[in-house]
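Peer 1: sequence-free structure coming up:
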């Protein structure tokens, strides 16, 4: 069947439709690949709502924390002035010298206190893919994974000529045009209330809005966040809880005790990120990267029931 050509007036009308009505309107995907101990990702992205899709092609757990850097600071400064300090501190913790470790952490540069953590895709197990959506303003940014293997942070490389698991990128003035995601469920996380969800996750793909009601530095100097873990019948929840504390020798150390399926990394109070999940029937847990997560309401087990036929 032949197609009649569009008239000039009709074509102009279609071009003037609001963006929300156009067929190509949808999420702006930023593909990030974890390959070995490196990130492969764009060096520039537009501003606005961005969906970071982390594809973990390695055999170990990773995550992609988004950090907004102060003006004039980039990957080279982070690798020279921050990563070695954290590694020296961790080495001292592993040697049973916590007081000396605290002194070592005191060597962090003054600009480090101006870094703003803005979410990003949470813990993702080997050969898994996860997505999260955040809103980014123009500026200079960094992706980082600080999981440890043999006591060494993935974000640190003793060879100064080799960049570790960090990736610098800029957010331009160009606006992505992507809409804010529509959420199926609302989650709130706070120091006072822990992780609170307004409904029950169901089988299949769904989007969860994660609202950071407040934010604070916990005992490991880390703010609260939320990660999704798939549990087995023999999963040791006490071990999972302990593993979530990076400041302990076995914390954030490969291999992970569970299969992680994504999450939302730390964000400032009042901000919202979106977690996109595709769940099968089974047993899961929401868990934050904080010490004593259960007592704080930040380790919660739930079950996704099979949909009745």
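Peer 2: Here it is on my side, so go on. Predicted model only: the values in this text are computed from it and were never measured.
Peer 1: So residue 200 sits against residue 284, correct?
Peer 2: No: Residue 200 lies out of contact with residue 284 (C-beta atoms under 8 Å); the separation is 11.2 Å. Bear in mind the C-beta positions are built from the backbone N, C-alpha and C, glycine included.
Peer 1: shared neighbours, those two?
Peer 2: Residues touching both residue 200 and residue 284 (C-beta atoms under 8 Å, 6 or more residues apart in numbering): residue 302.
Peer 1: Those two - which one has more neighbours?
Peer 2: For the pair residue 200 and residue 284, the greater number of neighbours falls to residue 284 (21 against 10), based on other C-beta atoms under 10 Å.
Peer 1: Next up, the contacts around the more buried one.
Peer 2: 201, 228-231, 261, 301-304 are the contacts of residue 284 under C-beta under 8 Å, 6+ apart.
Peer 1: what's the longest helix belonging to the chain packed up against?
Peer 2: For the chain, the helix with the greatest residue count under DSSP state H is helix 83-94. The helices and strands touching helix 83-94, judged by 3 or more C-beta pairs under 8 Å, 6 or more residues apart in numbering; DSSP states H and E, are helix 98-105, strand 152-153.
Peer 1: Where helices are concerned, which of the contacts of residue 284 count?
Peer 2: Going by DSSP H, the helices hold none of the contacts of residue 284.
Peer 1: Buried ones from those residues, can you make that a PyMOL selection?
Peer 2: Selection command for PyMOL covering only the buried members of the contacts of residue 284, criterion 16 or more other C-beta atoms under 10 Å:
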select buried, resi 201+228+229+230+231+261+304
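Peer 1: now the helices and strands packed on helix 83-94 in JSON lines, with distance to residue 273 and mean neighbour count?
Peer 2: Output for those, formatted as JSON lines (distance: least, C-beta to C-beta, whole Å; neighbours: other C-beta atoms under 10 Å):
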{"stretch": "helix 98-105", "distance to residue 273": "27", "mean neighbour count": "14"}
{"stretch": "strand 152-153", "distance to residue 273": "24", "mean neighbour count": "19"}
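Peer 1: okay if I get those as a markdown table plus mean pLDDT and distance to residue 265?
Peer 2: Below are the helices and strands packed on helix 83-94 laid out as a markdown table (pLDDT from 0 to 100; distance: least, C-beta to C-beta, whole Å):
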| stretch | mean pLDDT | distance to residue 265 |
| --- | --- | --- |
| helix 98-105 | 97 | 20 |
| strand 152-153 | 96 | 16 |
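Peer 1: To residue 92, which of the ones you listed lies closest?
Peer 2: Closest to residue 92 of those, according to C-beta to C-beta: helix 98-105, at 3.9 Å.
Peer 1: so residue 49 is in which element?
Peer 2: Element membership for residue 49, per DSSP states H and E: strand 44-56.
Peer 1: Now do the next helix or strand after that strand: everything it contacts.
Peer 2: Under the assignment DSSP H and E, the closest C-terminal helix or strand after strand 44-56 is strand 65-68. With contacts defined as C-beta under 8 Å, 6+ apart, strand 65-68 is touched by 52, 115-120, 134, 136-137, 139-146, 265-266.
Peer 1: Among those, name the ones in strands.
Peer 2: 52, 116-117, 134, 136, 139-144 (DSSP state E).
Peer 1: Those residues, buried ones only, as a PyMOL selection?
Peer 2: In PyMOL syntax, the buried subset of these is picked out as below (16+ other C-beta under 10 Å):
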select buried, resi 52+116+117+134+136+140+141+142+143+144
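Peer 1: now the ones in strands among the contacts of strand 65-68 as JSON lines including pLDDT and distance to residue 188?
Peer 2: Listed next are the ones in strands among the contacts of strand 65-68 as JSON lines, based on pLDDT from 0 to 100; distance: C-beta to C-beta, whole Å:
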{"residue": "52", "pLDDT": "98", "distance to residue 188": "22"}
{"residue": "116", "pLDDT": "98", "distance to residue 188": "21"}
{"residue": "117", "pLDDT": "98", "distance to residue 188": "18"}
{"residue": "134", "pLDDT": "98", "distance to residue 188": "17"}
{"residue": "136", "pLDDT": "98", "distance to residue 188": "22"}
{"residue": "139", "pLDDT": "98", "distance to residue 188": "27"}
{"residue": "140", "pLDDT": "97", "distance to residue 188": "30"}
{"residue": "141", "pLDDT": "98", "distance to residue 188": "26"}
{"residue": "142", "pLDDT": "97", "distance to residue 188": "27"}
{"residue": "143", "pLDDT": "98", "distance to residue 188": "26"}
{"residue": "144", "pLDDT": "98", "distance to residue 188": "26"}
